[in-house]
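> need a structure here:
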Amino acid sequence: MSGHSKWAGIKHKKAAQDAKRGRLFTKLIREITVAAREGGGNPETNSRLRTAIERAKDANMPQDNIEKAIKRGTGELPGVSYETCIFEGYGPGGVAIMVEALTDNKNRTSAEIRNIFSKKGGNLAGSGSVAWLFNKKGYLLIDKGQISEDELFGISVDAGAQDLKTEGKNYEIFCEPQDFENVKKVIKDKGIKWELAELTMVPTSTVKVPPQEAKQLLSLIEALEEHDDVQKVYANFDIPDEVLEKLASEF
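Residues are numbered from 1 along each chain as shown. The predicted structure follows:
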């Protein structure tokens, strides 16, 4: 997870004051709507909806927007019907990339995602070409300054976490999707704050990307993330922290 998780953490911090907040709200509203449509409008019994609402609140989305999105999902208000699409491909350096999108026009979105890959030095591949390189996991990124590694390890493992890794200035916690909510709850109850908490796709192996290709790769990922239909982008790159920090200011 080294590299991509660091990039996700950097982007998460920027999002709070990002000029593209309107675009972020659009993505979050779609996720809330689809989560409510598929699992019902009660976040107590719909973990996907609960996670989407938490992300919306972290982004300071007004409660009224959240409630309307839920009602569109449950059919109490009219709204657009979205479907989930998964795109798979490769970026510069042979990095595997998975893209999750919510769209009301699959053909349009497919053409636009293919065009982004092509323009940015990557190529879209067939279904299943890179999915086998990723496993779905619960993931939390926590600043080291709050707690010792041994103490956090004990807390997280008792809560159901599988692993804890040290990554630069942060700890990374991994768990099975079904244990994610409990791990979050236990950590929150201990007064520990996270930089990022999400269900994500964790690569089983990573590809080291040389600095000369890193900018092109991150430009591709940034372009994919900025597409209105794209919800998440996963990749198995490993780029040194100092290179990521330097490039982060350019995007």
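> so who does the residue of the chain most remote from its centre touch?
In the chain, the residue that sits farthest from the middle, by Cα atoms, centre = their mean, is Glu76; the gap is 28.4 Å. Shown in contact with Glu76 (Cβ atoms under 8 Å, 6 or more residues apart in numbering): Gly41. Placement of C-beta: from N, CA and C, glycine included.
> is it fair to say Val202 lies in a strand?
Yes - counting by DSSP: H, G, I helix; E, B strand; the rest coil, Val202 is found in a strand.
> ok, how many other residues are close to it?
For Val202, the count of nearby residues is 19 (other Cβ atoms under 10 Å).
> check contacts around it.
Val202 makes contact with 1, 134-137, 139, 174, according to Cβ under 8 Å, 6+ apart.
> on the three-state scheme, the residue farthest from the centre of the chain is what?
coil.
> before we move on, what about the one 3 residues further on?
Assigned state for Gly79: coil (three-state reduction, three-state DSSP).
> what sits closest to it if chain neighbours are left out?
Arg72 (3.2 Å; Cβ to Cβ, 6 or more residues apart in numbering).
> now do that neighbour against Pro78, distance only.
7 Å (Cβ to Cβ, to the nearest Å).
> now swap in Lys185 and tell me
35 Å.
> what about those two, which has more around it?
A direct count of neighbours by other Cβ under 10 Å for Lys185 and Pro78 places Lys185 higher, at 11 against 7.
> and that one, that one's in a strand?
No - using three-state DSSP, the assignment for Lys185 is helix, not a strand.
> give me the number of residues near the spatially closest residue to it that is not a sequence neighbour?
Distances taken as Cβ to Cβ, 6+ apart put Ala159 closest to Lys185, at 7.7 Å, once the chain neighbours are dropped. Ala159 has 18 neighbours, counted by other Cβ under 10 Å.
> how about Ile53?
23.
> what do you get for the one 3 residues further on?
Other residues within reach of Ala56, judged by other Cβ under 10 Å, total 22.
> then Tyr90?
With other Cβ under 10 Å as criterion, Tyr90 counts 20.
> next up, phi/psi of it, please.
phi -130, psi 140 (degrees, to the nearest 10).
> please enumerate the strands of the stretch 101-250 of the chain.
Assigned by DSSP state E, counting those that start in this stretch, the stretch 101-250 of the chain shows strands spanning 123-125, 134-143, 163-167, 170-175, 196-203, 207-208, 230-235, 237-238.
> which residues touch the second one?
Okay, so that is strand 134-143. By Cβ under 8 Å, 6+ apart, strand 134-143 touches 1, 5, 8-9, 96, 98, 152, 162, 167, 169-177, 179-180, 183-184, 187, 192-204, 234, 236.
> per the annotation, how does this protein divide into domains?
Domain assignment for the chain by automatic domain parsing gives 4-74, 83-132+205-240, 134-203.
> how about CSV for those domains, with distance to Leu247 and mean pLDDT added?
Output for the domains of the chain, formatted as CSV (distance: least, Cβ to Cβ, whole Å; pLDDT from 0 to 100):
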stretch, distance to Leu247, mean pLDDT
domain 4-74, 9, 83
domain 83-132+205-240, 6, 93
domain 134-203, 15, 91
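> Ala248 is nearest to which of these?
Closest to Ala248 of these is domain 4-74 (Cβ to Cβ; 4.7 Å).
> run the chain-centre distance for that closest one.
11 Å (Cα atoms, centre = their mean, to the nearest Å).
> what of stretch 85-94?
That offset, for stretch 85-94, works out to 16 Å (Cα atoms, centre = their mean).
> in it, what's buried?
85, 87-93 (16 or more other Cβ atoms under 10 Å).
> which residues are contacting it?
Contacts of stretch 85-94 (Cβ under 8 Å, 6+ apart): 96-103, 106, 109-110, 113, 117, 120-131, 207, 209-210, 213, 216-217, 220-221, 229, 235, 237.
> helices along the stretch 1-150 of the chain, start to end?
4-15, 21-39, 47-58, 63-74, 106-119, 149-159 (DSSP state H, counting those that start in this stretch).
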